[in-house]
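In: build me a structure from this.
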Amino acid sequence: MLAFREMPELLIVFYDVEHGSSAFLNTPNGKNIVIDLGVGSYKRANEAFSPLAHLWNHYGIRRLNRVIITHPHRDHLDDIDNFDSFSPTVLQTPRHLTDDEIRAGNQQNAGQIVEKFLRIRARYSGPVPPTEDIGIADDFGGVMFRSFQPWQCSRSNLNNHSLVTIISYAGSKIIIPGDNESASWNELLANPVFVQAINGADVLVAAHHGREAGYCEEFFYHIHPKLTIVSDGPGSETSATAKYSNESSGWNVYSRSTGLASSRKCLTTASDETIVVKFGIASPQNYLNVTIA
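Out: Here you go, the predicted structure:
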């Protein structure tokens, strides 16, 4: 373990992939994790944007230790063509869903992307290597990951089978919940272990792209985040952004484009583009640092 004052940062990047979802994590010991495989477009150039290609071409990343796909909907899978280039060691995704249920859950959008995901999922059937145990903080530079999965809901709605990832480091905590809706939130909140795990979260990624379907009032009986992050495109008619703002206390966010910092309660990739979150220790005071485009 690194000494307290020498402990480096946990970096989390939330990409602007319009109505999809994609996040990249780099742990203090240099392990690379991707959560969801959405794609989008550069707003200014109107060019296709692949987060995986961006990691390869601009940051020289050639290997992923883990890919977490919260649930197998197309907007979380569209970057799957670049998956094998990184030879991920572990694929974590809901395993209780059958191939036919996943096809049916994508309806007319199944196609080649979903079929490729199913072939890849079938390949990742072996045990997790002992050095990649996501439940052991020392394997990830002191970062603790906890994962929860609803499974009792109807399988006709894949959103309600999303993995919830809770990440803690240096006294800070973030919740990344996929697209869970009210039925699965009720199931999760009935589990006291889950309730204990979410307690004290500093940052919340809004479920289901910040839409009303993913908002759960009871969730906020247990957490009081400083900041909520919404991964979504413009023009959502069912946005619950105002509700998330009311539930968040606010945090100082630095803008790279203006060079200024301001207190924010809710950030969205639709308006703020790429969002960078850092947890770490630069002094005896632990810190949370958030930057937008």
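
In: how about the secondary structure of Pro243?
Out: One thing to correct before we go on: residue 243 is Lys, not Pro. Three-state call for Lys243 (DSSP: H, G, I helix; E, B strand; the rest coil): helix.

In: oh sorry, the question was meant for Asp100
Out: helix.

In: and it, how close does it get to Pro8?
Out: Going from Asp100 to Pro8 by Cβ to Cβ, to the nearest Å gives 45 Å. Any C-beta I mention is one placed from the backbone N, CA and C, and that applies to glycine too.

In: so for these two, which residue has more residues nearby?
Out: Using other Cβ atoms under 10 Å as the criterion, Asp100 and Pro8 rank with Pro8 on top: 18 against 10.

In: so what's the residue count around Thr93?
Out: When neighbours are counted by other Cβ under 10 Å, Thr93 registers 21.

In: and it, what does it touch?
Out: 68-72, 121, 163 (Cβ atoms under 8 Å, 6 or more residues apart in numbering).

In: buried set for stretch 268-275?
Out: Of all the residues in stretch 268-275, those buried under the rule 16 or more other Cβ atoms under 10 Å are 268-270, 272-273, 275.

In: and the two most separated of these?
Out: Ala270 and Ile275 (11.0 Å; Cβ to Cβ).

In: find the residues that touch each one of those two.
Out: Contacts common to Ala270 and Ile275, judged by Cβ under 8 Å, 6+ apart, are absent.

In: in the stretch 51-200 of the chain, which spans are helices?
Out: Taking DSSP state H, counting those that start in this stretch, the helices of the stretch 51-200 of the chain run over residues 51-59, 99-106, 111-123, 182-189, 192-198.

In: can I get the ones you listed in a markdown table with mean pLDDT and distance to Pro130?
Out: Listed next are the helices of the stretch 51-200 of the chain as a markdown table, based on pLDDT from 0 to 100; distance: least, Cβ to Cβ, whole Å:
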| stretch | mean pLDDT | distance to Pro130 |
| --- | --- | --- |
| helix 51-59 | 96 | 26 |
| helix 99-106 | 95 | 29 |
| helix 111-123 | 96 | 20 |
| helix 182-189 | 97 | 29 |
| helix 192-198 | 98 | 23 |
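
In: which residue, other than its chain neighbours, is closest to Ala293?
Out: Once flanking residues are discounted, Ala293 sits nearest to Glu273: 3.7 Å by Cβ to Cβ, 6 or more residues apart in numbering.

In: ramachandran angles for the one you found?
Out: phi 60, psi -140 (degrees, to the nearest 10).

In: which of the buried residues of stretch 268-275 sits closest to Val39?
Out: The shortest gap between Val39 and any of the buried residues of stretch 268-275 belongs to Thr269, at 12.7 Å (Cβ to Cβ).

In: next one: Leu91 from Glu18, what distance?
Out: 24 Å.

In: cross the buried residues of stretch 268-275 against helices and list the overlap.
Out: 269-270, 272 (DSSP state H).

In: flag the least confident of the residues you listed.
Out: Lowest pLDDT within those is found at Ala270 (92).

In: next, count neighbours for the closest residue to it other than its chain neighbours.
Out: Ranked by Cβ to Cβ, 6+ apart and with sequence neighbours excluded, the top spatial neighbour of Ala270 is Pro234, at 4.7 Å. Neighbours of Pro234 under the rule other Cβ under 10 Å: 11.

In: before we move on, what about the one 4 residues further on?
Out: Thr238 is surrounded by 12 other residues when neighbours are defined as other Cβ under 10 Å.

In: thanks a lot, catch you later.
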